[in-house]
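Enquirer: coords below, sequence missing:
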């Protein structure tokens with residue numbers, strides 16, 4: 001997994017981060033929500049950052065550790081999205097596409113982490 005130019009998890013996590021930045025801007029500018037949105041933005045953008053770090057990892061253990069951190073950040077992001085939907089800061093429709101993207105990242109990352117640690 002050395003090249004990240006065409007790596008699906010890199011592409012999807014970056015697209016997710018960009019979508020999350022747009023949602024964050026909406027929450028700040030339209031809803032004047034500053035606490036949940038900040039937590040959401042931090043965890044949402046951390047997913048891709050940890051994936052990029054993992055790809056440049058020094059060992060399989062380093063790779064697995066960083067991917068596991070990305071998985072935890074994706075799980076946290078899912079929580080913030082659910083919380084913002086349920087508290088009606090965002091509508092069901094506003095959050096559903098982003099939530100589905102987040103859950104897709106969770107599935108991919110779960111498979112990567114499981115495969116990485118099963119092969120050690």
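Expert: Perfect, thanks for sending it. Fair warning: this is a prediction, and the values are worked out from it, not measured in the lab. Numbering: from 1, shown residues only.
Enquirer: now do the contacts for residue 43.
Expert: Each residue near residue 43 by C-beta atoms under 8 Å, 6 or more residues apart in numbering is listed here: 73, 74, 76, 77, 80. (Each C-beta comes from the backbone N, C-alpha and C, glycine too.)
Enquirer: distance check, it against residue 118.
Expert: Between residue 43 and residue 118 the computed distance is 26 Å (C-beta to C-beta, to the nearest Å).
Enquirer: ok, residues contacting stretch 32-41?
Expert: Counting contacts by C-beta under 8 Å, 6+ apart, the residues outside stretch 32-41 that touch it are 20-21, 23-24, 27-28, 31, 77, 80-81, 83-84, 87, 89.
Enquirer: residue 71 contacts residue 113, correct?
Expert: Yes. Assessed by C-beta atoms under 8 Å, residue 71 is found in contact with residue 113 at 5.5 Å.
Enquirer: of the contacts of stretch 32-41, which belong to helices?
Expert: Using DSSP state H, the subset of the contacts of stretch 32-41 located in helices is 20, 21, 23, 24, 27, 28, 77, 80, 81, 83, 84.
Enquirer: now those in CSV, with pLDDT?
Expert: Shown next, in CSV, are those (pLDDT from 0 to 100):
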residue, pLDDT
20, 98
21, 98
23, 97
24, 98
27, 97
28, 97
77, 98
80, 98
81, 97
83, 96
84, 96
